[in-house]
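**Student:** I would like to see how this sequence folds:
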Amino acid sequence: MSPGCISLDSECPPIRSGHLPAVPCRISQTALHQAENREYLDKQINLFRQSELPGKEHAEQYLSHLYRKNCRSGTIESNQISIRLFLRFIQDRQGIIHLAQVTRRSIEAFVEYEQDRGLKPMTVSGRLISIHAFLRFLVEGEVIDPNVLRKKIRIKVPEALPKAIEPENIKVLFAVIDHVRDRAIFLMLLRTGMRIGELLDLKIPEVNLKEKKVIIYEAQKTRVGRVVYFSDDAKEALGSWLKARDPKKEFVFYGQGRNRLGYTGAQLRFEKYNEAAGLSAKGYTIHCLRHTFASELLNAGMRLECLQPLLGHTSLEVTRRYARLTDRTREEEYFRAMAIIEKGAAGGHYRFDH
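**Tutor:** Residues are numbered from 1 along each chain as shown. Coordinates of the predicted model:
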């Protein structure tokens, strides 16, 4: 461990020169994690076993298939919800009792039903992706006709711009954050671009205060590890919190009486400070700090190719959304050209003054 790392891992014995790491400790932690995942899978499967839905045995097999692929528990749960909703729909609305009766029209009707319920396009699209994957599993198992998926249904999802917080509002916001832990949390989010879940999952050995970097061994969303860095002001805020925190706690950030601070708790604290700063009407969420991080780096001249790994994006196209939000070259070109037009140098005088 480098000199800047702060370690509170008392369960594993220290590594002495010439000795290998304590492998049994690592194995036991992995086994515990796997046991928790298995227990979670069983809970999801039981929801089908306790129902009278058509094809519930195939749904159980599919969830086990996702588990064997090492999918996250959240992925398994979201698939369980989508599949259960679909099976209940075709049972109640279409009278289907065998999955072999499912047609393309069954999928289209389900999409219309979800849209009529007022769900957002992104939510409907996510459920449709889960249904398509489940039906593909059934096609491979020769349960349904392959023609059902011959031409997949696509949903046009709006490509909204990321919402960054304006610089003057950032200053107002942080002026009211006086709690040592909260200041460290929100300043780390602003300066590292980490997702809130990644920050709340952070443990002491993963922080290198001296070198101003954090090691994310497995990203929350993509499961791809990366290294992120933080600024001097974030280092100062984090250092103050590390001195004040309970050294017996496993996670860097924790709540009162809890080993780990949850997302809801962090979001409520963020809303409290937004209200104190008079920014409630702006609609800022805690995720806006990540958007602000990206837009500020692009404004400062960082290339998209460098920003992409810092954000943990697997595709450059995802990162490119921020270029639409903060393209200084395009902005400067627009105002340069408009100044020419207003002066009448482009064929006429088009400036309208009161």
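**Student:** neighbours of Ser106, just the number please.
**Tutor:** 21 (other CB atoms under 10 Å). Where C-beta positions appear, they are placed from N, C-alpha and C, glycine not excepted.
**Student:** any idea which helix or strand carries it?
**Tutor:** Counting by DSSP states H and E, the element that carries Ser106 is helix 104-116.
**Student:** same thing with Lys235?
**Tutor:** According to DSSP H and E, Lys235 maps onto helix 232-244.
**Student:** Buried residues, that helix. List them.
**Tutor:** Neighbour-count burial for helix 232-244, with 16 or more other CB atoms under 10 Å as criterion, is recorded at Ala234, Lys235, Ala237, Leu238, Trp241, Leu242.
**Student:** Please name the residues that touch the first one.
**Tutor:** By that I understand Ala234. Residues near Ala234 by CB atoms under 8 Å, 6 or more residues apart in numbering: Ala184, Leu187, Met188, Leu190, Arg191, Thr192, Lys212.
**Student:** got the phi/psi numbers for Val228?
**Tutor:** Phi and psi for Val228, reported as degrees, to the nearest 10, are phi -120, psi 160.
**Student:** so how many other residues sit close to it?
**Tutor:** The burial count assigned to Val228 is 21, neighbours taken as other CB under 10 Å.
**Student:** Verify the stated contact: it with Arg195.
**Tutor:** No: between Val228 and Arg195 there is no contact under CB atoms under 8 Å: 10.5 Å.
**Student:** returning to that earlier point: now flag whichever of the contacts of Ala234 is closest to Leu99.
**Tutor:** Within the contacts of Ala234, distances to Leu99 taken as CB to CB reach their minimum at Thr192, with 46.1 Å.
**Student:** Excluding covalently adjacent residues, which one is nearest to the closest one?
**Tutor:** Nearest non-adjacent residue to Thr192, counting by CB to CB, 6 or more residues apart in numbering: Val228, 4.4 Å away.
**Student:** ok, now Tyr263?
**Tutor:** That would be Ile196: by CB to CB, 6+ apart, it lies 6.0 Å from Tyr263.
**Student:** Same check on Gly255?
**Tutor:** Leu261 (4.4 Å).
**Student:** Tell me the secondary structure at that neighbour.
**Tutor:** Following DSSP: H, G, I helix; E, B strand; the rest coil, the label given to Leu261 is coil.
**Student:** What residues does it make contact with?
**Tutor:** Applying CB under 8 Å, 6+ apart, the residues contacting Leu261 are Ile185, Leu200, Phe251, Phe253, Tyr254, Gly255.
**Student:** Quick one: the helices in the stretch 251-354 of the chain, in order.
**Tutor:** Per DSSP state H, counting those that start in this stretch, the stretch 251-354 of the chain carries helices over the ranges 263-276, 288-299, 304-311, 316-319, 321-325, 328-342.
**Student:** Check which residues of the shortest one are buried.
**Tutor:** In other words, helix 316-319. Thr319.
**Student:** swap in the first one?
**Tutor:** For helix 263-276, burial by neighbour count (16+ other CB under 10 Å) applies to Gly265, Ala266, Arg269, Phe270, Tyr273, Asn274.
**Student:** got the contact list for it?
**Tutor:** Contacts of helix 263-276 (CB under 8 Å, 6+ apart): 173, 176-177, 179, 182, 185-186, 196-197, 200, 255, 280, 282, 284-286.
**Student:** again, but for the third one
**Tutor:** Contacts of helix 304-311 with the rest of the structure, by CB under 8 Å, 6+ apart, involve 192-193, 226, 228-229, 290, 294, 297-298, 316, 318-320, 322-323.
**Student:** What segments of this structure are strands?
**Tutor:** Secondary structure of the chain by DSSP state E: the strands cover 207-208, 213-216, 226-229.
**Student:** most packed of these?
**Tutor:** Mean neighbours per residue, mean count of other CB atoms under 10 Å, is largest over the strands of the chain for strand 207-208, with a mean of 20.
**Student:** starting at the chain centroid, how far to it?
**Tutor:** In terms of CA atoms, centre = their mean, to the nearest Å, the centre of strand 207-208 is found 22 Å from the chain centre.
**Student:** re earlier: OK, contacts around the residue nearest to Thr192?
**Tutor:** Thr192, Gly193, Met194, Lys213, Val214, Ile216, Leu310.
**Student:** contacting residues for Glu218?
**Tutor:** Glu218 neighbours (CB under 8 Å, 6+ apart): Val224, Gly225.
**Student:** How far does the helix holding Ser106 sit from its chain's centre?
**Tutor:** 27 Å.
**Student:** in it, what counts as buried?
**Tutor:** For helix 104-116, by 16+ other CB under 10 Å, it's Arg104, Ser106, Ile107, Phe110, Val111, Glu114.
**Student:** Neighbours of the residue nearest to Tyr263, how many?
**Tutor:** 21.
**Student:** Does it touch His287 like I think?
**Tutor:** Yes: contact between Ile196 and His287 holds when scored by CB under 8 Å: they sit 6.9 Å apart.
**Student:** Between the buried residues of helix 232-244, which sits nearest Tyr334?
**Tutor:** Ala234 (33.8 Å).
**Student:** Quick check, pLDDT for the closest one.
**Tutor:** pLDDT, Ala234: 96.
**Student:** got it, and Val157?
**Tutor:** Predicted confidence (pLDDT) for Val157: 84.
**Student:** ok, now which ones touch it?
**Tutor:** Val157 makes contact with Pro121, Met122, Ser125 under the criterion CB under 8 Å, 6+ apart.
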